[in-house]
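*Asks:* I'll drop the sequence and a predicted model, then ask my questions.
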Amino acid sequence: MAGSTILEKTTCYHCGDDCDTLNISIDEKNFCCNGCKGVYQVLSENKLCSYYTYNDHPGASQERTDKRFDYLSEPTIISELIDYTDAEKTIVTFYVPQIHCSSCLWLLEQLNKINPAIHYGRVDFLKKQLNIRFDHRQVSLRQVVELLDDIGYEPLISLQDIIKEQNAATKDNLVSKIAVAGFCFGNVMLLSFPEYFGIAAAEQSFKYFFGLLNILFILPVVFYSGSGYFISAWQNLRNKVLNIDFPLALGIAVLFIRSVVEIITRSGAGFADTLCGLVFFLLIGKFVQKKTYHHISFERDYRSFFPVAVQIIEDSTERPVPLSQLHTGHRIVIRHNEIIPADAILLKGEALVDFSFVTGEAIPVGKTLGEIIYAGGRQTGEAIELEVIKPVSQSYLTQLWNNEAFTRKQDNRMQTFNDKVSKYFTVVLLTIAFAAFLFWLPTDFKRGLAAFTAVLIVACPCALALSTPFTMSAALGVFDKNRFYLKNTAVVEQLAAIDTIVLDKTGTITNGNNSSIELKADLTSEQKQLVYSVCMNSSHPLSRMICHFLGREERLEVTRYTEIAGRGITADIYPHRLRIGSRKFVPGPRSTTPEATCVHIMIDEKYLGYFSFVQSYRNGLEKIAELKAGYNLQLLSGDQNHELPELLPFFGFEANMHFNQSPQQKLDFIQSLQANGNKIMMIGDGLNDSGALKQSDLGIAVTDNINNFSPGSDAILDGGSFHLLPVFLRFSKDTVNIIHFSFLISLTYNLIGLSYAITGKLSPLTAAILMPVSTVTIISFTSLATHFAAKRRKLL
Amino acid sequence: MSILYFLIGCSVLLALVFLGAFFWAQKNGQNDDLYTPSMRMLLDEEDEIPPEK
């Protein structure tokens, strides 16, 4: 290798990536790109270099720094983004996906050192949110965002403001209700002990005093903490549904009335203790069930990743226009890494569009002038000009959201076990209560009433109401450890109930990022080194993949490097000359496989061959294929059917494989399966699956990075856990069995309680012991059983 | 034993104060983010480096 110099490998001080050149350095520190160096300069000027002491290479790579924030000067857009503003200050909350370590936290809370007009920055680490208060007379919102971008923390600003939706959703003071119930529970228990242990005859006056205090305590428990149950029961009754809230509300009401009557008439001690305990435990169950992932959004649609505004050309000047005002006929400019927001015709420039958001296909597609480019693609390479031919909401992709599947409000698409059981439970409960009443009525009216109320008290399905939330939240924790994130606890039950699995192809069963590369050329190791050195200089995804494929070669110094976007690279490595790129770019024999993407190589004017990129399948596809035995397995792809022969063994029959499906057809396909009574799980990844994911009984989005975009779904599965899917399905069935079994346990307790109750002689002490004991049994049984089931399935 | 009336009054009052404190903390947003402060406390509050002479 005469005449070639070998470069040492250095890593970027800021982000830790390999440095391509040694030219970008300052203070004896090397950087991979000017962006990273810029961040370092901003930080060092402001004496914020402690950023680098908390973690090694805390920064994110800054290779792409041509973002534009002109639209943040538009008053209409500003007013939508900010939380609060007055004459002096503005408060705004940003979602910053880059937040990942303590250095990020430290830096973002030191913003006032860079610009004193920023009063403070506060980070919520788990939600990846940054709350900033700034003086808008001295610094504009746009400047704040630009500052954040300069230091490498570009906020994600989208039309669908997830932050505000989430903050609105959490305002239901469940915690306050639990606090009140817990406070009263403790006090009432204390005041009830003397009654349980017996009070001397001389001190009977205390009994009445304690009783009155108990009434005071149960008032807030019933009318504040327990109010939700009455409201829910009433609403369900009006909709002619008997759900579990009805017997619960009935139990609470009966407990309350009987306690008040007994205490005031001095005929007994009342059940204040049981009442407070019941409400307290029920609310705890509700709290456990409400576990959510703040940093993952399950409700995303196209709006959450489309830009807020787009640059249009009018009278040969550019200006930003909010997407809602974008009309047909507008001429728009899309720069490197920007998303095309509406169906448009390419007028100028070399389009190389990455449709990975839409289809999951990672390799960019070249488009020629005059061709229609569908919305949702991301331009890579130079700036292009397009003419909008359809408004944003009417584009090929986005019109999917006009379908009724998206407007329908559906919380639980399937009846849960609780819903099914509680209907019968309520009927049986009322029957027993009235039977007991009628039995005693002829002999002793008072005793009949006592028996009637006692039945309703003792059979109050507290344990039943708790078994599902506790089992499901334990299961949710297990899934979470295996990087399978469910939207809520009800999804576990849905997972157990499905009988049909529909899979998308690209990005779902194929690997989004790592297509397998085949080298169809005889290259010597020296030639490989040459190709590697050249490709290392390009940020094009295909070049990156080639470098990855060739592995860590030593890099040679490259001169006269030119990259023509969408075509290829020419470069010199003394004494060789290389030409790497598309067929048009590299002259040579014309016999390549038509369907695969190819990169051709020419060294010293001699054609050597090509790299071909074929999608590889995710690990564990064969395990999914084994599910054929128990499930109806279908493939639903938007692609051509040239991979049919490879996929046939996995799916069995050609009839189960559907190619060339448009987003709308995918949705319709799911609907047609549902019409046959199937319960469908759809697994997809791109925006084109959104309709099918929403329509299906259980939509799972597969993604390789959970913080990246994923379409709205019920669950998000990390690509690395794809092979565990069959285990997840079996485990979900286990948890449903656990719920069934805990239901039996709670029934046993109910029967024991009933045997006391129907005699009309239920003592407050019995109720006060039975209720917490049954609750604790259920909670510990479900938690332990779920844990063991997970162990057995090797998920823990 | 009538001192009990007074004592129970005191204990309930004290408990109410704690409940009130919890409500105040809740409203104040002190329970909104339970994770970040654990990281924040590990970062040093550093003094301005004095400008070199």
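*Replies:* That came through fine. Numbers count the residues shown, from 1 in each chain, chains lettered A, B, ... in the order given.
*Asks:* and residue A:222, how many residues sit next to it?
*Replies:* By other Cβ atoms under 10 Å in any protein chain shown, the residues close to residue A:222 number 23. In short, each C-beta sits where N, CA and C put it, glycine included.
*Asks:* which residue, other than its chain neighbours, is closest to it?
*Replies:* residue A:256 (4.9 Å; Cβ to Cβ, 6 or more residues apart in numbering or on different chains).
*Asks:* pLDDT value on that neighbour, please?
*Replies:* We have a pLDDT of 95 for residue A:256.
*Asks:* what's the burial count for it?
*Replies:* 21.
*Asks:* which phi and psi values does it adopt?
*Replies:* phi -60, psi -50 (degrees, to the nearest 10).
*Asks:* go on, residue A:192?
*Replies:* Dihedral angles for residue A:192 - degrees, to the nearest 10 - are phi -90, psi -20.
*Asks:* what helix or strand is whatever residue of the stretch 451-600 of chain A ends up closest to chain B on?
*Replies:* Closest approach between the stretch 451-600 of chain A and chain B, counting by Cβ to the nearest Cβ: residue A:480, at 15.3 Å. Secondary-structure element containing residue A:480, defined by DSSP states H and E: helix A:462-481.
*Asks:* which elements pack onto that helix?
*Replies:* helix A:245-264, helix A:272-289, helix A:417-440, strand A:484-486, helix A:490-497, helix A:725-757, helix A:764-792 (3 or more Cβ pairs under 8 Å, 6 or more residues apart in numbering or on different chains; DSSP states H and E).
*Asks:* can you lay out the ones you listed as a markdown table showing distance to residue A:604?
*Replies:* Formatted as a markdown table, the helices and strands packed on helix A:462-481 follow (distance: least, Cβ to Cβ, whole Å):
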| stretch | distance to residue A:604 |
| --- | --- |
| helix A:245-264 | 79 |
| helix A:272-289 | 68 |
| helix A:417-440 | 72 |
| strand A:484-486 | 52 |
| helix A:490-497 | 59 |
| helix A:725-757 | 50 |
| helix A:764-792 | 60 |
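*Asks:* am I right that residue A:287 is in contact with residue A:178?
*Replies:* Yes. Using Cβ atoms under 8 Å, residue A:287 is in contact with residue A:178, at 6.2 Å.
*Asks:* of those two, who's got more company?
*Replies:* Shown here are residue A:287 and residue A:178; by other Cβ under 10 Å, residue A:178 has more neighbours (19 against 15).
*Asks:* just confirm the more buried one is within a helix.
*Replies:* Yes. Checked against DSSP: H, G, I helix; E, B strand; the rest coil, residue A:178 lies within a helix.
*Asks:* need the contact list for it.
*Replies:* Contacts here follow Cβ atoms under 8 Å, 6 or more residues apart in numbering or on different chains; on that basis residue A:178 touches A:225, A:280, A:283-284, A:287.
*Asks:* in terms of pLDDT, where does it sit?
*Replies:* 94.
*Asks:* roughly how far does it sit from residue B:7?
*Replies:* 27 Å (Cβ to Cβ, to the nearest Å).
*Asks:* least confident pick among the contacts of residue A:178?
*Replies:* Lowest confidence among the contacts of residue A:178: residue A:287, with 88.
*Asks:* angle of the helix holding residue A:480 against helix A:245-264?
*Replies:* Here helix A:462-481 points in a direction 130 degrees away from that of helix A:245-264 (axes from the mean of the first three to the mean of the last three Cα atoms, to 10 degrees).
*Asks:* which SS class is whichever residue of the stretch 551-700 of chain A sits closest to chain B?
*Replies:* Closest to chain B within the stretch 551-700 of chain A is residue A:700: 27.0 Å, counting by Cβ to the nearest Cβ. Of the three states, residue A:700 takes strand according to three-state DSSP.
*Asks:* wait, isn't it in contact with residue A:681?
*Replies:* Yes. Under the criterion of Cβ under 8 Å, residue A:700 makes contact with residue A:681 at 6.5 Å.
*Asks:* rounded mean pLDDT for the strand or helix carrying residue A:320, please.
*Replies:* Assigned by DSSP H and E, residue A:320 belongs to strand A:317-322. Averaged across strand A:317-322, the pLDDT comes to 80.
*Asks:* how distant is that strand from the center of its chain?
*Replies:* Distance of strand A:317-322 from the chain centroid (Cα atoms, centre = their mean, to the nearest Å) equals 33 Å.
*Asks:* what of stretch A:680-690?
*Replies:* Distance of stretch A:680-690 from its chain centroid, counting by Cα atoms, centre = their mean, is 14 Å.
*Asks:* could you do stretch A:90-102 as well?
*Replies:* How far stretch A:90-102 lies from its chain's middle: 17 Å, per Cα atoms, centre = their mean.
*Asks:* check stretch A:253-270 too.
*Replies:* 48 Å.
*Asks:* then stretch A:542-550?
*Replies:* 31 Å.
*Asks:* and if you look at stretch A:546-558?
*Replies:* Using Cα atoms, centre = their mean, the offset of stretch A:546-558 from its chain centre is 36 Å.
*Asks:* check the separation of the first and last residues in that stretch.
*Replies:* Stretch A:546-558 has an end-to-end distance of 17 Å (Cα to Cα, to the nearest Å).
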